[in-house]
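1. fold the following, please.
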Amino acid sequence: MTAVYCRQSADKKDSISIETQEQRCLQRIGANESYRVYSDKGFSGKNTERPAFAKMMSDVNAGRIGRIIVYKLDRLSRSLFDFVNLMKLFDSAGVVFLSAEESFDTSGEMGRAMLGILMVFAQYERECIQKRVTDNYYQRAKDGYFLGGSAPFGYELDKDKRLTPLPAQAEIVRALYEKYSKEGCSLGALARELNVKGAATNRGKPFSAVAVRRILRNPVYAMADMSVYGHLLEKGANINANAEDFTGKCGCTVYGKRSGRSKFSALDGEYVRLDTHPGIIPSAVWLEVQRRLDKNLQTAPPDKGSSWLSGIVKCKDCGYAVTPLKGKNGVRYFTCGGKKLGVCKRKRSAFGFDDIESAALKALKARILEAGFSSVEKNKNASVEFTLLLKEKEKLSEKISAAALALISEKGTVAEHLKNEIIRLDNSLKKTQARIATLREKEGLSVPAEKLETVCEGLENWDKDKLRAVALLYIDRVYITCDGISFYFKI
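-> Numbering: from 1, shown residues only. So this is what the prediction gives:
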């Protein structure tokens, strides 16, 4: 079915009426071709929040529409960003887009070339917006404004959005620094002590070693003087103040993207500003804690004994992860993380390693035979070809866009050559897309039952990483209780 979309913001002398738009569009439809008209009157094109437009997109997603015709491009959207996203959606749904009054038809080479040009400018617009937002974010940080989110533990926001100490929590923070600055105190022990006392994080959850470490690493608490300035500089931080501004009164705030690293653990390349809120930890204590944390970071962790079930097994009573450990005698077992933190009330904290893995492997085999192995056993050669084809599709699209941009400023023989090159590239792109579609259909093929049984028989001989990959496909979570083990599957 062909969809005719019409939009008119308001009745004006110089505006094209809905009726006129419809007539112009219908001229592009064959006599025996089925169609439906979608009209939005009194709606702006600055966004896509329009009732008839929403209905049309619903029909597109349902596969009921094969072509869309508009009077002019701006009837669909006045936002370049929205327009390009719609074109991508139409392309993925196999919908051809046509403008009745402009040379824009995505079923032809030049139409696709023009779409490539629009995508280039849309990307440029998107990058400019991102740059303005980022620049504004960092400027607000330099000016001392709070950048959003909740206040760090130990502080609250006043009416001017400035950090101010929260007395009860600030005392907890001081105690943490004081205890950790002394030998023999671990992060886990501090977390357990807080949980036994009934303390909770800002999110109302029990403390963990990770939560305690974040508090101890955060320079927001430091009464930052020149020694703190030197430490931050040595760690590679970008600081927005001079050394003489660090007078030992105010704390510091880390802001910006952390590139996936643990919060406050690594400051190399991070942005740090000297803030206006009062620090609550003397600089000497804060620096001693950093020294001890760095020292402990360099100490190699003990062999905990690994399992292909790591991260999947949970304690039914407290919800914390049940993790693998290896005892001094070499015996491996699973232990409840909530028990270590003092939040789990169950009497038993350790479970047999081999018993749990054996039970899980037996349940996994049964589930594979029941649900099928098609998600795991795929044609390996087809998977490699599929990956290469996706890369080829991306390269061809980039070449078409580049050639289309060059065509704008060229004439004569060069222009003719560019047109032929666009046509050649477009043909290659269509062949690549067709092959990708074929491989996608083949991915759903199932594996014969006799092969499934052979695969299952050898699962215990697979290495840990491969076995874990299969487990993550099928197993959602495993719950352990004092009475036994419960399995919950994804498929």
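
2. alpha carbons only for contacts and neighbour counts from here, please
-> Noted.

3. so which bits of stretch 354-368 are buried?
-> Residues of stretch 354-368 classed as buried by neighbour count (16 or more other CA atoms under 10 Å): I356, A360, L361, L364, K365, R367, I368.

4. just to be sure, the last one is in a helix?
-> Just to be clear, that refers to I368. Yes - per DSSP: H, G, I helix; E, B strand; the rest coil, I368 lies within a helix segment.

5. isn't Q169 up against G154?
-> Yes - at 4.4 Å, Q169 counts as touching G154 under the criterion of CA atoms under 8 Å.

6. let's verify E357: helix, strand, or coil?
-> Assignment for E357 (three-state DSSP): helix.

7. got the phi/psi numbers for the closest residue to it other than its chain neighbours?
-> Leaving aside its chain neighbours, E357 sits nearest to L309 (7.4 Å; criterion: CA to CA, 6 or more residues apart in numbering). Here the main-chain torsion angles of L309 (degrees, to the nearest 10) amount to phi -100, psi 0.

8. mind listing what L309 touches?
-> Residues near L309 by CA atoms under 8 Å, 6 or more residues apart in numbering: E357, R468, A471.

9. between those residues, which is nearest I16?
-> Closest approach between the contacts of L309 and I16, by CA to CA: A471, at 59.9 Å.

10. which one's more surrounded, Q169 and G154?
-> G154 (23 against 18; other CA atoms under 10 Å).

11. can you list contacts of stretch 17-34?
-> So stretch 17-34 is in contact with 1-2, 4-8, 11, 37, 39, 41, 69-71, 100, going by CA under 8 Å, 6+ apart.

12. can you tell me the SS state at T164?
-> The three-state label given to T164 by three-state DSSP is strand.

13. surely it and H277 touch.
-> Yes - with contact defined as CA under 8 Å, T164 counts as touching H277 (6.2 Å).

14. and those two? Which one has more around it.
-> Legend: neighbour count by other CA under 10 Å for T164 and H277, higher for H277 (20 against 16).

15. on the pLDDT front, check that one for me.
-> The score at H277 is 89. That number is its pLDDT.

16. related to what we said a few turns ago, could you dump the buried residues of stretch 354-368 into JSON lines with distance to V173 and pLDDT added?
-> Listed next are the buried residues of stretch 354-368 as JSON lines, based on distance: CA to CA, whole Å; pLDDT from 0 to 100:
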{"residue": "I356", "distance to V173": "39", "pLDDT": "81"}
{"residue": "A360", "distance to V173": "42", "pLDDT": "84"}
{"residue": "L361", "distance to V173": "45", "pLDDT": "85"}
{"residue": "L364", "distance to V173": "46", "pLDDT": "84"}
{"residue": "K365", "distance to V173": "49", "pLDDT": "81"}
{"residue": "R367", "distance to V173": "49", "pLDDT": "80"}
{"residue": "I368", "distance to V173": "50", "pLDDT": "77"}
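
17. surely I436 is in a strand?
-> No - under three-state DSSP, I436 falls outside any strand and is assigned helix.

18. so it sits against E392, correct?
-> No - using CA under 8 Å, I436 is not in contact with E392; the gap is 10.5 Å.

19. so these two - more neighbours on which side?
-> The residue with more neighbours, out of I436 and E392, is I436; 19 against 16, by other CA under 10 Å.

20. what spatial separation is found between that one and K393?
-> Distance, I436 to K393, using CA to CA, to the nearest Å: 9 Å.

21. show the subsequent helix or strand relative to the helix or strand of the chain with the lowest mean pLDDT.
-> The helix or strand of the chain with the lowest confidence, counting by mean pLDDT, DSSP states H and E, is helix 449-457 at a mean of 58. Next helix or strand after helix 449-457 toward the C-terminus (DSSP states H and E): helix 464-474.

22. and the helix or strand just after that following helix, which strands flank it?
-> Moving toward the C-terminus from helix 464-474, the next helix or strand (DSSP H and E) is strand 475-481. In the sheet, strand 475-481 lines up against strand 313-315 (parallel), strand 484-489 (antiparallel) (DSSP bridges).

23. just how off-centre is the last one within its chain?
-> In terms of CA atoms, centre = their mean, to the nearest Å, the centre of strand 484-489 is set 29 Å apart from its chain centre.

24. kindly report the same for stretch 165-175.
-> Distance, centroid of stretch 165-175 to centroid of chain: 34 Å (CA atoms, centre = their mean).

25. flag every buried residue along stretch 4-23.
-> V4, Y5, C6, R7, Q8, S9, I16, S17, I18, Q21, E22.

26. typed the wrong thing, it's stretch 151-158
-> Neighbour-count burial for stretch 151-158, counted by 16+ other CA under 10 Å, picks out A151, P152, F153, G154, Y155, E156.

27. can you list contacts of it?
-> 163-173, 201-202, 215.

28. closest one of those to I485?
-> When the contacts of stretch 151-158 are compared for distance to I485 (CA to CA), T201 wins out at 30.5 Å.

29. quick check: closest non-adjacent residue to that closest one.
-> Per CA to CA, 6+ apart, closest to T201 is F207, 6.2 Å.

30. tell me how far the one you found lies from G198.
-> Plainly put, F207 is 10 Å away from G198 if you go by CA to CA.

31. between the two, which one's more packed in?
-> Between F207 and G198, counting by other CA under 10 Å, F207 is the more crowded of the two (23 against 11).

32. pLDDT score assigned to the more buried one?
-> pLDDT, F207: 90.

33. these two touch, right, it and A200?
-> Yes - if you go by CA under 8 Å, F207 and A200 touch, sitting 6.1 Å apart.

34. mutual contacts of the two, please.
-> Shared contacts of F207 and A200 (CA under 8 Å, 6+ apart): L194.

35. now the strands for the stretch 301-450 of the chain?
-> Along the stretch 301-450 of the chain, counting by DSSP state E, counting those that start in this stretch, strands occupy 313-315, 322-326, 332-336, 350-352.

36. show me where pLDDT drops low in the stretch 201-350 of the chain?
-> The model of the stretch 201-350 of the chain has pLDDT under 70 over residues 256-263, 265, 297-305, 328, 347-350.

37. now the stretch 1-150 of the chain
-> 10-14, 80, 103, 109-148.

38. export the buried residues of stretch 354-368 as JSON lines, with columns for distance to M56.
-> Supplementary listing: the buried residues of stretch 354-368 in JSON lines, determined by distance: CA to CA, whole Å:
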{"residue": "I356", "distance to M56": "53"}
{"residue": "A360", "distance to M56": "48"}
{"residue": "L361", "distance to M56": "49"}
{"residue": "L364", "distance to M56": "44"}
{"residue": "K365", "distance to M56": "46"}
{"residue": "R367", "distance to M56": "41"}
{"residue": "I368", "distance to M56": "41"}
